[in-house]
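A.B. asks: Structural data only, the sequence is not supplied:
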């Protein structure tokens, strides 16, 4: 029997330490309530008055359009709902970066859907709006996923044009991606359901097919005011670029529809007529519920980044029951590796173990040393690298569960070659060709973020739990380091801090640093795709695997130079 099969059930854990379980459940409930409240806040977009104004114009709101577009009874899985959270406050804020995006089934076909939210600055593009739209296109490109644009935007937010216009991953990259997707045969459908101005006009017209809504949809390179200023011509908006103009005179659009509802029905019809395509062929069997209730996850996860817990207990509430086959169970115990199924999909799992474990006899770290949970040791890195290579050889997608404080430090670790072994793991993750998915459940610090497939290592999807923290190091360590730097700077100027001043400065530094480690700070900048409730993890990963199944092209795995 494997270590996993021998692990205690939650009921045993409750009996063993009821007080700790209750404390964790209460703390987790507070985090979930905060998450739900913030979701409700961003879902309001630009506020009730602006929502009412759009309705008065005969227009549906962005999320209403998406709800009508996706199949009844299916789930729209939103991505980037907290993009731009806490950013652009001087400009009045930009909830969800003024764009709603995610994946959903349209007439039975899984699609990427991107909808401008006209209640937020008339759908204007902020820097994070561009980044979010690029992320949608990246997912569509990587997974050969059809993409639907519901366009309703006033174009670039001019006061910040220097941060959105000229660089490689700025506004222009959107249109470059339109062309690349078209060349790859990835279907793109755009519905012009409101304003579509200046450079933004290229997005729907560079799509494969474009619809325009009569009376509310318009598209032009320069609006009436700019035309008058530039060439002195006075022309009405509808004449310049309305539905009649572009469906009967210019031929720019392909379908003219009377209202939003008809536009949505037309899109569904077009998607339903798409032909079938080859798939990746990843293994999937009938889904089996986990051995334990997913709702129990909040009783397992500590809010503190230092408290130990058993990751095997967490996996027991995510993976299909009786599907776990652990790889090298007795070796490198601060990382768990093994094959499993999630909602029937075959996956390879790489997960940090935060439980304190006794080192295996003879390992480089020393025979009597207790290995700290969440730290990657040489043997753990070696095991993970070998397992990742095995999954690539067998075309098995990888799922990483991050709760890592980094690689082991100190003279013993350095003499044992921790840098070499860590590099081996990073190399394997970097060159992996099978789809990778990452769930940040706790800490995500330093090079551990890299080795466990952080954003820089191209996971197909990356999400975080409300308990996640992401930074170069923990807040307490970082605050003490920064304090020493500031004290040294003060001393060079002949100033000595009193104990009270030092304590106040430390508190200020740690508060600022802790704010930057929250999952909301990360999600605002799209370092993670979404913050999810822990019990939704199975559904999130399953949808990601369904998306990845659309791309049959998996190149040959070449790990490069990996030292043994």
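C.D. replies: That came through fine. Because the structure is a prediction, the values reported are computed rather than measured.

A.B. asks: For the longest helix along the chain, buried residues please.
C.D. replies: Longest helix in the chain by number of residues (criterion: DSSP state H): helix 18-43. Under the neighbour-count criterion of 16 or more other CB atoms under 10 Å, helix 18-43 has 21, 24, 25, 27, 28, 31, 32, 35, 38, 42, 43 buried. For every residue, glycine as well, the C-beta is placed using N, CA and C.

A.B. asks: Quick check: which ranges of the stretch 201-350 of the chain have low pLDDT?
C.D. replies: Within the stretch 201-350 of the chain, the stretches with pLDDT under 70 are 305.

A.B. asks: Could you pull out the helices in it for me?
C.D. replies: Counting by DSSP state H, counting those that start in this stretch, the stretch 201-350 of the chain has helices at residues 202-205, 224-231, 237-241, 243-244, 260-272, 311-315.

A.B. asks: packing partners for the second one?
C.D. replies: Meaning helix 224-231. When contacts are defined as 3 or more CB pairs under 8 Å, 6 or more residues apart in numbering; DSSP states H and E, helix 224-231 sits against helix 237-241.

A.B. asks: Show me where this protein dips below the pLDDT cut-off.
C.D. replies: Filtered on pLDDT under 70, the chain yields the residue ranges 1-17, 199, 305, 359-370, 474-476, 478-479, 562-564.

A.B. asks: tell me the SS of the residue of it positioned farthest from its centre?
C.D. replies: For the chain, the residue at maximal distance from the C-alpha centroid (CA atoms, centre = their mean) is residue 494, at 47.5 Å. Here residue 494 takes the coil state, with states given by DSSP: H, G, I helix; E, B strand; the rest coil.

A.B. asks: For it, list the residues it contacts.
C.D. replies: Residues near residue 494 by CB atoms under 8 Å, 6 or more residues apart in numbering: none.

A.B. asks: Give me the phi and psi angles of it.
C.D. replies: Residue 494 adopts backbone torsions of phi 80, psi 20, taken as degrees, to the nearest 10.

A.B. asks: circling back to that earlier point, and of the buried residues of helix 18-43, the nearest to residue 282?
C.D. replies: Comparing these against residue 282 with CB to CB places residue 35 closest, at 30.4 Å.

A.B. asks: mind listing the helices in the stretch 351-500 of the chain by residue range?
C.D. replies: According to DSSP H, counting those that start in this stretch, the helices that the stretch 351-500 of the chain contains are 378-393, 411-415, 418-431, 446-451, 475-492, 499-516.

A.B. asks: To clarify, my last question referred to the stretch 1-150 of the chain.
C.D. replies: Under DSSP H, counting those that start in this stretch, the stretch 1-150 of the chain gives helices at 3-6, 10-16, 18-43, 48-56, 62-69, 127-143.

A.B. asks: So what's the residue count around the residue nearest to residue 268 when sequence neighbours are not counted?
C.D. replies: For residue 268, ignoring the flanking residues on the chain, the nearest one in space by CB to CB, 6 or more residues apart in numbering is residue 107 at 4.9 Å. Here the number of neighbours of residue 107 (other CB atoms under 10 Å) works out to 16.
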